[in-house]
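Engineer: Mind folding the following:
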Amino acid sequence: MYDTIDDMIQDIFKTPLYNTVFDHLDNKSMIDYVLQYKRNNPSVVVSNDGGYQSQILTGAHLPLNELFKDIDYTCNAYCQRLGMKMPTKIDNLWININPPGSYNIAHRHPLSLISGVFYLSVPKGSGGIVFTNPISMFDMFFGKNVVDNYTPYNTIDYEYNPIANELILFPSFLTHRVMTNNSDSDRISLAFNCSVIV
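Structural biologist: Below you'll find the predicted structure:
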C-alpha cells in the first residue's frame, strides 16, 4: 500500500538555499584586508554577541572587488533559476569576525530580496549557520514526539556548516543565527543583501 506514496507527494512550497565555492579568489589578501579594516574601524552591535560587525562598507575596497563581481553574477543566476526579476545588485555588505565564544543571535534581513554570506575563514568547530523553518507555527505540528527521522518535510531548524571560500545565498525572509565559535580561532565572513535594480 505504501510503495507508491513518493510518487504522489508534491513539493508545493520550497525554500532555496544555494552554495558554491570560489577557490579562484585570493583568500589571504581578503583576510588581511578585513583584519586591517577591523583595526581601523569600530564594531557595531546588530546580531553579534561578542564578535565584530563592521558598519556597511562604502567606497572602494580593492582587495574585495573580484568577490563583489562574483557575488553579483551568482545572485543574478540564482534569481534567474528561481524565476525572479533581474538584474540584482548588492545593496549592502559588512564584515563579521567571530572570535572564540562569540555567536550571532536569530535575525532576518527585512526589506531585502536575497541575503548571503561569503566565508573567508571557518576553523573546525567555529559554528554553523542555522536556519529556522519559515512556516508559521511549524513546531506546533512537528515536535520530537512525532518525528522518527528528520527530513526537509519535518525539520524545524537546519544547520549548514560552510567551508572557507564558500558562498551561500538564501531568501532574506529566513530567520537565521550563527552557532557559538567553539574553536580557538576567528571565524571570518562577509554578509550582504541583494535587491532588484528598478
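Engineer: the helices in the protein, which residues?
Structural biologist: Taking DSSP state H, the helices of the chain run over residues 5-8, 27-40, 65-81.
Engineer: just the strands in the chain please.
Structural biologist: For the chain, strands defined by DSSP state E occupy the ranges 18-21, 48-49, 52-53, 88-98, 103-107, 114-121, 129-132, 157-160, 166-171, 176-178, 187-196.
Engineer: Same list, the ones you listed, but as JSON lines with mean neighbour count, mean pLDDT and distance to residue 9 please.
Structural biologist: Where C-beta positions appear, they are placed from N, C-alpha and C, glycine not excepted. Formatted as JSON lines, the strands of the chain follow (neighbours: other Cβ atoms under 10 Å; pLDDT from 0 to 100; distance: least, Cβ to Cβ, whole Å):
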{"stretch": "strand 18-21", "mean neighbour count": "14", "mean pLDDT": "98", "distance to residue 9": "23"}
{"stretch": "strand 48-49", "mean neighbour count": "16", "mean pLDDT": "94", "distance to residue 9": "40"}
{"stretch": "strand 52-53", "mean neighbour count": "20", "mean pLDDT": "97", "distance to residue 9": "41"}
{"stretch": "strand 88-98", "mean neighbour count": "20", "mean pLDDT": "96", "distance to residue 9": "32"}
{"stretch": "strand 103-107", "mean neighbour count": "16", "mean pLDDT": "96", "distance to residue 9": "30"}
{"stretch": "strand 114-121", "mean neighbour count": "23", "mean pLDDT": "98", "distance to residue 9": "28"}
{"stretch": "strand 129-132", "mean neighbour count": "19", "mean pLDDT": "96", "distance to residue 9": "22"}
{"stretch": "strand 157-160", "mean neighbour count": "14", "mean pLDDT": "94", "distance to residue 9": "19"}
{"stretch": "strand 166-171", "mean neighbour count": "20", "mean pLDDT": "98", "distance to residue 9": "23"}
{"stretch": "strand 176-178", "mean neighbour count": "22", "mean pLDDT": "97", "distance to residue 9": "27"}
{"stretch": "strand 187-196", "mean neighbour count": "23", "mean pLDDT": "96", "distance to residue 9": "32"}
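Engineer: What pLDDT is listed against residue 139?
Structural biologist: On the pLDDT scale, residue 139 is placed at 64.
Engineer: swap that for residue 179, sorry
Structural biologist: Residue 179 is assigned 97 on the pLDDT scale.
Engineer: roughly how far apart are the residue nearest to it when sequence neighbours are not counted and residue 45?
Structural biologist: In space, and not counting its chain neighbours, residue 179 is closest to residue 127: 3.5 Å by Cβ to Cβ, 6 or more residues apart in numbering. Going from residue 127 to residue 45 by Cβ to Cβ, to the nearest Å gives 18 Å.
Engineer: Among those two, which residue is more densely surrounded?
Structural biologist: Applying other Cβ atoms under 10 Å to residue 127 and residue 45 shows that residue 127 carries more neighbours, namely 23 against 10.
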